[in-house]
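Visitor: got a predicted model here, sequence first, then my questions.
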Amino acid sequence: MKARAYKFFCSSVALAAVFILASTLRAQVNPDWTEPFPPFRIAENLYYVGSKDLASYLITTPQGHILINSDLEASPPLIRASVEKLGFKFGDIRILLISHAHWDHDGGSAAIKALTGATYMVMDGDVSVVESGGKTDFQYGSQPASLYPPTKVDRVLHDGDEVKLGSTTLVAHLTPGHTKGCTTWTMKVADAGKIYDVVIIGSPNVNDGYRLVGNSSYPEIASDYERTFRVLKSLPVDIFLGAHGSYFDLQTKYERLKEGAANPFIDPAGYKRYLTDREESFRTELAKQKAALIPTRDPNTPGFVTAKELPDGSVPPVDADGNFIIGPTHTPAFEMVVHDGVPRGAVHTFTMSSADSKIFPGIARDSGTFGTVSPTDPATLVVTTSHPAPYTRTVAVYVPAQYVPGTIAPFIVGADGPDQSLFTALDNLIAEKRVPAMIAISIGNGSGDAQGSERGLEYDTMSGRYAEFVETEVLPLVERQFNVKLTKDPEGRATMGCSSGGSAAFIMAWYHPELYHRVLAYSITAVNQQWPRSAETPHGAWEFHERLIPNSPVKPIRVWLGVGDRDLLNPNVMRDDMHDWVVASENMAKVLGAKGYHYQFVFARNAVHCDRAVKQQTLPEALEWLWRGYAIEESNNVH
Ligand SMILES: [Zn+2]
């Protein structure tokens with residue numbers, strides 16, 4: 001059959017199809033999936049009856065047995081042999097359950113139902129897949145190698161449903177994403193007089209080829225995975241199991257069990273490690289897919305500012321205002337590397353806690369949750385999972401080698417610190433007298449991101465609150481602990497940051513121009529991200545270019561802005577036309593230019609949000625431009 005298909009359709013497309021099919025078939029005959037494994041008791045009435053990697057579980061009761069996972073279409077004889085080896089009757093299986101509707105966990109269901117007459121119970125999201133023999137699966141439905149005999153479902157399960165037999169109760173937890181009805185089973189078992197919580201993970205894995213973004217056959221897949229990690233992290237667990245032996249290291253643990261070790265399947269730490277690893281893998285893949293979907297924006301798009309295209313590899317002059325285009329190559333600047341013979345400043349760190357803050361006592365949005373767009377206003381995000389929560393933050397203080405104790409020094413406040421690259425740049429720039437001998441205070445955020453988080457509250461709020469926090473709660477500590485004096489002259493005070501940290505830098509100067517006159521921002525989040533909503537600035541930091549800068553008298557602020565051609569575009573559920581970071585930066589440049597501000601705007605080709613290479617290339621000259629007009633000689637020579 002396969003050979004004939006190959007002969008008839010010997011085109012490149014058909015060849016590709018044959019290779020895909022072949023690789024799927026290879027995956028299906030993973031030797032560990034069909035290699036027998038000794039059946040054994042895990043705890044009390046819970047037994048392992050699967051193969052070396054495809055996990056099947058038998059839960060025995062005097063009223064008959066429950067089987068979880070029928071595995072491959074070819075697996076039932078192997079499972080039967082395992083059940084009988086343990087001394088149980090295959091025909092006593094009364095209930096058949098699965099981890100999820102993939103051929104390696106439910107392919108043998110039709111045969112097992114026929115052999116045992118068991119009642120087949122499946123989570124609602126997987127029912128149509130099971131009953132179509134895999135044909136309605138969102139990913140594999142059209143791949144012949146993934147199909148199996150259709151099997152009628154006798155009871156449709158919903159999240160939280162209980163499956164009872166004898167005195168045993170299993171709970172079905174919907175943990176979707178991997179499949180729409182992927183199910184994690186929990187139960188309690190007694191072992192040596194103690195009660196243990198058992199968790200059998202359905203699957204937290206993002207398979208090769210899964211589309212997490214813009215998936216028309218499973219639009220909610222990414223939020224379903226989020227839900228899965230939330231659910232799995234909330235479950236009490238002692239005994240850690242899953243749909244594949246590889247999830248919980250079956251083979252190693254079985255060897256230890258045989259050697260007579262204390263039950264190695266009791267492994268809450270291993271469960272936590274596994275989830276952390278899987279969640280990180282999911283988030284990395286999600287970020288990768290999101291980034292791949294961001295279009296490359298053209299700096300010469302109509303409506304964008306007119307900008308000067310610089311030769312590849314160069315950066316704008318330090319004495320010129322206006323708009324520039326750089327890239328596509330971003331080579332690190334000489335000043336971003338530590339050089340022998342250049343005096344190095346001292347870096348001190350300390351920790352601040354929410355309990356000690358009057359201005360920011362701490363909030364957090366539950367992990368894996370976000371808001372929903374208000375049905376009446378696309379520009380308003382409703383967040384219901386934000387609540388008071390403690391935090392700690394690290395503050396790093398850079399004191400240049402040239403600083404003379406007791407003198408009053410200029411300084412720069414950086415967001416999302418500590419920022420070692422800033423300190424290295426300053427070592428080199430100060431030594432060359434290209435910037436004043438400034439102190440740098442690099443402040444960590446209060447954790448989280450965006451609406452409902454502490455970082456979002458600190459950085460995206462359109463008010464003087466964050467600047468006031470820095471002024472009253474951070475700077476006095478810096479002066480006291482490290483024997484430095486910080487200038488009150490706003491000409492000697494700068495702010496910097498990236499993303500929301502960049503908007504914080506601008507917000508600090510905008511609402512407190514008597515405190516700061518210099519702002520450096522990469523990928524500024526001048527978008528509608530303020531939370532809670534403010535009646536004065538309903539569009540958050542988008543208001544800067546929409547209304548505030550055009551309609552206000554010019555403030556004595558110097559602004560450096562940088563953005564990437566693949567900077568963020570609609571990264572979340574909000575579709576209010578106020579979530580394009582490139583447009584936000586272009587608009588900022590436009591209104592700052594129109595009002596006659598001193599500003600420099602750098603549009604970087606071949607660059608993403610907060611692009612590291614762009615920062616490595618541009619930061620030294622950006623800092624030098626930022627501090628133009630400040631008396632360098634004087635500050636370096638005060639004794
Ligand atoms: Zn699967």
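Guide: Received it, and whenever you're ready, just let me know what you need.

Visitor: in stretch 530-541, what's buried?
Guide: Of all the residues in stretch 530-541, those buried under the rule 16 or more other CB atoms under 10 Å are 530-531, 533, 537, 539-541. C-beta coordinates here come from the backbone N, C-alpha and C atoms, glycine included.

Visitor: kindly report the same for stretch 463-480.
Guide: 465-471, 474-475, 478.

Visitor: same deal with stretch 354-364?
Guide: Neighbour count says stretch 354-364 has 354, 357, 360, 362-364 buried, by 16+ other CB under 10 Å.

Visitor: is it true that Val591 touches Ile549?
Guide: Yes. When contacts are counted by CB atoms under 8 Å, Val591 is listed as touching Ile549 (4.4 Å).

Visitor: neighbour count for those two, which is higher?
Guide: For Val591 versus Ile549, the count of surrounding residues by other CB atoms under 10 Å is larger for Ile549: 24 against 19.

Visitor: could you list the domains of this structure?
Guide: 1-27, 35-293, 308-636 (automatic domain parsing).

Visitor: nearest to Pro302, out of those domains?
Guide: Checking the domains of the chain against Pro302 by CB to CB gives domain 308-636 as the closest, at 11.1 Å.

Visitor: confidence score at Arg26?
Guide: The predicted local confidence for Arg26 comes out at a pLDDT of 40.

Visitor: compare the domains of the chain and give me the one nearest Asn300.
Guide: Closest approach to Asn300 among the domains of the chain is made by domain 308-636 (8.4 Å; CB to CB).

Visitor: tabulate the buried residues of stretch 463-480 (TSV), appending secondary structure and distance to Ala111.
Guide: Output for the buried residues of stretch 463-480, formatted as TSV (DSSP: H, G, I helix; E, B strand; the rest coil; distance: CB to CB, whole Å):
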residue	secondary structure	distance to Ala111
Arg465	helix	66
Tyr466	helix	64
Ala467	helix	70
Glu468	helix	70
Phe469	helix	66
Val470	helix	68
Glu471	helix	73
Val474	helix	68
Leu475	helix	73
Val478	helix	72
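
Visitor: which phi and psi values does the spatially most central residue of the chain adopt?
Guide: Relative to the mean C-alpha position of the chain, the nearest C-alpha, by CA atoms, centre = their mean, is the one of Arg283, at 4.3 Å. Arg283 adopts backbone torsions of phi -70, psi -40, taken as degrees, to the nearest 10.

Visitor: state the pLDDT value of it.
Guide: Predicted confidence (pLDDT) at Arg283: the value is 92.

Visitor: next one: the one 10 residues further on
Guide: Here, the pLDDT recorded for Leu293 equals 85.

Visitor: distance of the closest residue to it other than its chain neighbours from Arg612?
Guide: With sequence-adjacent residues excluded and distances taken as CB to CB, 6 or more residues apart in numbering, Leu293 is closest to Val213, at 5.7 Å. Val213 sits 23 Å away from Arg612 when distances are taken as CB to CB, to the nearest Å.

Visitor: any low-confidence regions in the chain?
Guide: Within the chain, the stretches with pLDDT under 70 are 1-29, 633-639.

Visitor: closest to Met438 out of the buried residues of stretch 463-480?
Guide: Taking CB to CB as the measure, Val478 is the one of these closest to Met438, at 12.7 Å.

Visitor: pull the residues that contact the host helix or strand of Arg94.
Guide: With secondary structure defined by DSSP states H and E, Arg94 is part of strand 93-97. In this structure, residues lying in contact with strand 93-97 by CB atoms under 8 Å, 6 or more residues apart in numbering are 58, 63-70, 83, 109, 112-113, 116, 118-122, 163, 165, 170, 172, 183, 185.

Visitor: those residues in helices, which ones?
Guide: Assigned to helices by DSSP state H, the following of the contacts of strand 93-97 qualify: 83, 109, 112-113, 116.

Visitor: which of those lies closest to Pro38?
Guide: Val83 (12.8 Å).

Visitor: how near is that closest one to Leu515?
Guide: Separation of Val83 from Leu515 (CB to CB) stands at 74 Å.

Visitor: adjacent strands (with direction) for the one helix or strand Val413 maps to?
Guide: For Val413, the element it lies in under DSSP H and E is strand 411-414. When pairs are called by DSSP bridges, strand 411-414 turns out to pair with strand 439-443 (parallel), strand 493-498 (parallel).

Visitor: of the ones you listed, which approaches Asn205 most closely?
Guide: Per CB to CB, nearest to Asn205 of the strands paired with strand 411-414: strand 493-498, 32.2 Å.

Visitor: okay, that closest one in CSV with CA atoms only?
Guide: This file holds the C-alpha atoms of strand 493-498, laid out as CSV (Å, rounded to 0.1, in the frame of the first residue of the first chain):
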residue,chain,number,x,y,z
ARG,A,493,19.3,63.0,36.7
ALA,A,494,18.5,60.5,34.0
THR,A,495,16.1,57.4,33.7
MET,A,496,16.3,54.4,31.4
GLY,A,497,14.6,51.2,30.7
CYS,A,498,13.2,48.8,28.1
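
Visitor: please pull up the helix or strand immediately following that strand.
Guide: Going down the chain from strand 493-498, the next helix or strand is helix 500-511, by DSSP H and E.

Visitor: next one: that following helix to chain centre, how far?
Guide: 24 Å (CA atoms, centre = their mean, to the nearest Å).

Visitor: the helices in the stretch 251-400 of the chain, which residues?
Guide: For the stretch 251-400 of the chain, the helices identified by DSSP state H, counting those that start in this stretch occupy 268-293, in order along the chain.

Visitor: what do you get for the stretch 1-150 of the chain?
Guide: For the stretch 1-150 of the chain, helices defined by DSSP H, counting those that start in this stretch occupy the ranges 2-8, 12-28, 31-34, 76-85, 103-106, 109-116, 124-131.

Visitor: one step back: need the buried residues of stretch 463-480 in a markdown table (columns: distance to Asp580).
Guide: Written out in a markdown table, the entries for the buried residues of stretch 463-480 read as follows (distance: CB to CB, whole Å):
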| residue | distance to Asp580 |
| --- | --- |
| Arg465 | 26 |
| Tyr466 | 24 |
| Ala467 | 27 |
| Glu468 | 30 |
| Phe469 | 29 |
| Val470 | 29 |
| Glu471 | 33 |
| Val474 | 32 |
| Leu475 | 35 |
| Val478 | 37 |
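
Visitor: return the closest of these with respect to Pro343.
Guide: Among the buried residues of stretch 463-480, and counting by CB to CB, the member closest to Pro343 is Val478, at 20.7 Å.

Visitor: could you look up the SS state of the closest residue in space to His339 that isn't next to it in sequence?
Guide: If the residues on either side of it in the chain are set aside, His339 comes closest to Asn428, at 6.5 Å by CB to CB, 6+ apart. For Asn428, the assignment made with DSSP: H, G, I helix; E, B strand; the rest coil gives helix.

Visitor: buried stuff in stretch 250-257?
Guide: By neighbour count, with 16+ other CB under 10 Å as the criterion, the buried positions of stretch 250-257 are 250, 253-254, 257.

Visitor: from the chain's centroid, how far away is it?
Guide: 33 Å.

Visitor: re earlier: okay, Val83 and Leu515: which has more neighbours?
Guide: The residue with the greater number of neighbours, taking Val83 and Leu515 and applying other CB under 10 Å, is Val83; the counts read 24 against 20.

Visitor: ok, so what distance separates that one from Val189?
Guide: 18 Å.

Visitor: cool, and Met462?
Guide: On the measure of CB to CB, Met462 and Val189 end up 55 Å apart.

Visitor: of the two, who's got more company?
Guide: Comparing Met462 with Val189 by other CB under 10 Å, the one with more neighbours is Met462, at 21 against 18.

Visitor: was I right about that one contacting Ile507?
Guide: Yes. With the criterion set as CB under 8 Å, Met462 and Ile507 qualify as a contacting pair; they are 6.4 Å apart.

Visitor: quick one on the thing from earlier: spit out the contact partners of the residue nearest to Leu293.
Guide: Under the criterion of CB under 8 Å, 6+ apart, the contact list for Val213 reads 222, 286, 289-290, 293.
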